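Colleague: predicted model follows, preceded by the sequence.
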Amino acid sequence: MKLIIVESPTKAKTISNFLKDDYMIISSNGHVRDLPKSKLGIDVENNFQPQYIVPLKKRKNVNNLKKIAQGAEYIYLATDEDREGEAIAWHIKQLLSETKEQKLKAKILERIAFHEITKEAVEEALKNPREIDLKLVDAQQARRILDRLVGYTLSPILWEKIAKKLSAGRVQSPALRLIAEREREIEKFQSEKYYNIVAKLKVEKESKISEFEACLTKINNQPIEKPGLKDKEKEKVFKILEDLKKAKFIVKSLEKKQVNKNPSPPLTTSTLQQEANNKLGFSIRQTMFIAQNLYETGLITYMRTDSLNLSEKFLNEASDFIEHSYGKNFKEIRRFKTKIKGAQEAHEAIRPTSIYKTPEEIEKKLEKNQAKLYQLIWLRALSSQMTQAKFEAITCEIEAGQYLFKSTGSLPLFLGWLLLYPEKQKENPLPVLKTKDEVYPLKIEAIESETKPPSRFSEASLVKMLESLEIGRPSTYVPIIETLKGRNYVIKENRYLKPTEIGFLVNDLLNKHFSEIVDFQFTAQMEENLDKIAAGEKDWVSVIKNFYMPFKEKVEKKEKEIKKNFVEEKTNEVCPICGKPLIIKMSRFGKFLACSGFPECRFTKSLKENNQDLNIKCPKCQTGEIIKKRTKKGRFFFACNKWPKCDFALWDEPINKFCPKCHSILVKTKKGVIKCSNKKCDYLRET
């Protein structure tokens, strides 16, 4: 019997569909060993050797692996081809090698890897087994050990100086810094009014288009500073409007040129997460969960990659498909080169395993969100092999005395790849014009606007920023964001990430006392060191030693210097249980009221400022009011303020209107849909 060990049951099932009966495919269900949670688990005095254990929940599965392996003639380790997968294969080999030699019949314990789970790819991998790449294993171990050292060394300081159950991380802390600094930019931002003078113009000669708009850009040949004329120049604005009432509008210049737009490259982990977030509204975690399933069922190539490579087989397949479906003039074989440092060019970009598995063909076999993500990947990969889109760009300058207006337009000449993967294009068709033509104003107005603060980070824009700063790698973006949300350092409001009070406190302490941990350049340099370990250019022990020794020394020094960042506050309220004064304390979920008699009395109460009153009477008890609250895991919900006497609660936000069918209160979902809160009622309407 030939045994193939993979990480997931879905992957095992897919492979078993196209291998012969003499193969047995089983799953390790992810990692089989890890560092213990109860202690550091790293022998700092002995070259930082990790002290791995088999977690309790993994022991049954590991024992089953060992038992099955005893009857195998050949054992193949077919985990994913990245550092994480290589490490899982190494751990499995270590555990199986512990089995007594006389019981383990298999003489060969080999590593096979493939970028896609297809019959051809798996069979090719079986023909070309290799040794486990210990350089990749070292890089994964180094990342795990570094993260454990930082987390287990810094976190106790946060517990002591701010609140219990907080954590600091090597890559999560710089990400938190980005979000916190952006929020402070927004808070400090002072909006200013400005004006743009826009003329609606008309041509009198016959033309398909007779009206168009132009914007004032120069006065006496001096450009108007962006974004426009300031509020303090309001008198100047009035004068311009008066002057223009008497002016003739003459076409001064007209420029036409062809603009070509190349297709976007195929998707990588980062761009997949960004596109799915922006176009489909998927969270980063949701995207990767769905992509993992598409990969394990053999529909797409491996989804953790920073490479833009596409196989020659796919390039030829895509070229034939485009010619047959759209015509010869739409196809153009393109090869892309990634600009990301340390990108694994041997890997491929994310693409469908076969371009002939069209979204329409497999839609019925997939769940709704799986079909959406597959279509996104399929369209992006195929459109990357299509010809340029071509536009005619027109710039028209119109003189009105000392004032110069400009109007720009764009007309599609040939859609090319945009036929398949449309993007927002600013089209502003202009009438047929010639220089010295007179045009006539229909309306001239000063449009008032206000400068806007920078936007908060969405999950997509945060991933883009992390990638540009070279913080983290494809496999780390999800854990970074999920840890920040899970620790309640940030919350999501209308798809944007906002730091909480506790998030600010943690960021400020780290920024002030451990600046290197939140320093973007330092974090990027550490990622580069991990890449060099993977390439065999650096020794993992020396990398960790060079970081940890001065870091540990600094932590010990700072532990004595840092004052408590949050001091408990007294209140005028008393405990309803024991009568002692209530004080304001801090937890990772923010401030709360607690009895000063703790631990004898454990009474706690939410602060009013943490609950938001919606001014909606509770529909159940008719005496309480609905308030917005937060669970211990940081998730928001809506409940009656008379709890526990009234247990009314909802996940979706209630509105003060009632269902026309069953009279239950209506709620507004995150997608903006109004529906009935009664699960048995099907009332639904768009906002």
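Modeller: Now that the structure is in, tell me what you want to look at.

Colleague: the residue lying closest to F48 once chain neighbours are set aside: what's it in contact with?
Modeller: Residue nearest to F48 in three dimensions, not counting chain neighbours: I544, with 5.1 Å by C-beta to C-beta, 6 or more residues apart in numbering. C-beta here means a position set from N, CA and C on the backbone, and glycine is covered the same way. Contact criterion C-beta atoms under 8 Å, 6 or more residues apart in numbering gives F48, A142, I145, L146, L149 as the residues in contact with I544.

Colleague: one more pass at 7 Å, please.
Modeller: Taking C-beta atoms under 7 Å, 6 or more residues apart in numbering as the definition of contact, the neighbours of I544 are F48, A142, I145, L146.

Colleague: which ones among the residues you listed map onto strands?
Modeller: Helix and strand membership here follows DSSP state E; of the contacts of I544, not one is in strands.

Colleague: let me have those residues in JSON lines, extended by pLDDT and distance to P441.
Modeller: Supplementary listing: the contacts of I544 in JSON lines, determined by pLDDT from 0 to 100; distance: C-beta to C-beta, whole Å:
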{"residue": "F48", "pLDDT": "97", "distance to P441": "75"}
{"residue": "A142", "pLDDT": "97", "distance to P441": "68"}
{"residue": "I145", "pLDDT": "97", "distance to P441": "71"}
{"residue": "L146", "pLDDT": "96", "distance to P441": "66"}
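
Colleague: just those now: which is nearest K127?
Modeller: The nearest member of the contacts of I544 to K127, counting by C-beta to C-beta, is A142 at 32.1 Å.

Colleague: touching, that closest one and W540? I think so.
Modeller: Yes - A contact is recorded between A142 and W540 when judged using C-beta atoms under 7 Å, the distance being 4.1 Å.

Colleague: overlap in contacts, these two.
Modeller: By the contact definition C-beta under 7 Å, 6+ apart, A142 and W540 are jointly contacted by I533.

Colleague: before we move on, back to that, which element is the residue nearest to F48 on?
Modeller: Under DSSP states H and E, the secondary-structure element containing I544 is helix 540-561.

Colleague: next one: K406
Modeller: K406 is part of strand 403-414 when elements are defined by DSSP H and E.

Colleague: now that strand: buried residues?
Modeller: When burial is assessed from 16 or more other C-beta atoms under 10 Å, strand 403-414 yields the following buried residues: Y403, L404, F405, S407, G409, S410.

Colleague: the third one and I209, how far apart?
Modeller: Note on F405: its distance to I209, by C-beta to C-beta, to the nearest Å, is 17 Å.

Colleague: and what of the last one?
Modeller: For S410, the distance to I209 under the criterion C-beta to C-beta works out to 13 Å.

Colleague: average pLDDT for the helix or strand following the helix holding I544?
Modeller: Per DSSP H and E, the first helix or strand lying C-terminal to helix 540-561 is strand 569-574. Averaging pLDDT along strand 569-574 yields 90.

Colleague: sheet-wise, list the partners of strand 569-574 with their directions.
Modeller: When pairing is defined by DSSP bridges, strand 569-574 lines up against strand 581-587 (antiparallel).

Colleague: just the C-alphas of the strand it pairs with, formatted as CSV.
Modeller: Presented in CSV, the C-alpha positions along strand 581-587 are these (Å, rounded to 0.1, in the frame of the first residue of the first chain):
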residue,chain,number,x,y,z
PRO,A,581,-17.7,51.8,46.0
LEU,A,582,-17.6,51.0,42.3
ILE,A,583,-14.5,51.9,40.3
ILE,A,584,-13.7,52.2,36.6
LYS,A,585,-11.4,49.5,35.4
MET,A,586,-9.9,48.6,32.0
SER,A,587,-10.2,45.3,30.1
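
Colleague: residues making contact with that strand?
Modeller: Residues from elsewhere that reach strand 581-587 (C-beta under 7 Å, 6+ apart): 162-163, 566, 568-571, 573-575, 591-596.

Colleague: quick one: it to chain centroid distance?
Modeller: Strand 581-587 has its C-alpha centroid displaced from the chain centroid by 35 Å (C-alpha atoms, centre = their mean, to the nearest Å).

Colleague: tell me the secondary structure of T395, please.
Modeller: strand (DSSP: H, G, I helix; E, B strand; the rest coil).

Colleague: once you drop chain neighbours, what's closest to it?
Modeller: With C-beta to C-beta, 6+ apart as the measure, E255 is the residue that lies nearest to T395, at 4.6 Å, once sequence neighbours are left out.
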